[in-house]
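Asker: sequence and predicted structure are below.
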Amino acid sequence: MKKVEVVAAIIKYSEEIFCVQRPQNKLAYISEKYEFPGGKIELGETKEDALLRELKEELNLEPKIKSFFLTVVHPYPDFELTMHSFICEVSSKEIILNEHIDAKWLTVDQLDSLDWAAADFPIVKKLMANG
Ligand SMILES: Nc1nc2c([nH]c(=O)n2[C@H]2C[C@H](O)[C@@H](COP(=O)(O)OP(=O)(O)OP(=O)(O)O)O2)c(=O)[nH]1
């Protein structure tokens, strides 16, 4: 099966986490799902390089990467996704969306109110468990 490796940012401001909604996609299981911003690692990039590049492209954002959080391996019908997530911090809640169709700042206990991509469930679960 095809393998895709991505990085994703859990962006925090005080007690809130930034959640973004993907645009429509031919793959129904990721179409209009909520996710943590990020994207595919390109050849020769470190995970941190890829994350900073994607956040700049998608959100005009240059956050501070604070720590590694969790790696998830999830089998989607068309590919196997490996997603590395990192805790990041920003100094303002005003974020521009270049690609996503919606965004929400939520506290951890509100995270399960969104329609997440399936690969994100373990990350959401761990965030909610850690409080
Ligand atoms: N960034 C991100 N991608 C996720 C999450 N959950 C999840 O299933 N994915 C999947 C959706 C996509 O199949 C893949 C990320 O690909 P992408 O299309 O966002 O990456 P990219 O920006 O490099 O895109 P492209 O240049 O190939 O169009 O990972 C998540 O929380 N964050």
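Answerer: Noted; the coordinates are in hand.
Asker: around the ligand, pick out the residues from this structure.
Answerer: 4, 6, 8, 30, 35-36, 38-40, 54, 81, 83, 117, 119-120 (Cβ under 6 Å from any ligand atom). C-beta here means a position set from N, CA and C on the backbone, and glycine is covered the same way.
Asker: and the residue nearest the centre of this protein?
Answerer: Phe36 (1.7 Å; Cα atoms, centre = their mean).
Asker: can you pull the contacts of that one?
Answerer: Ala8, Ala9, Ile10, Ile11, Cys19, Val20, Ser85, Asp120, Ile123 (Cβ atoms under 8 Å, 6 or more residues apart in numbering).
Asker: at 10 Å what do you get?
Answerer: Applying Cβ atoms under 10 Å, 6 or more residues apart in numbering, we find Phe36 in contact with 6-11, 17-20, 69, 83, 85-86, 88, 116-117, 120, 123-124, 127.
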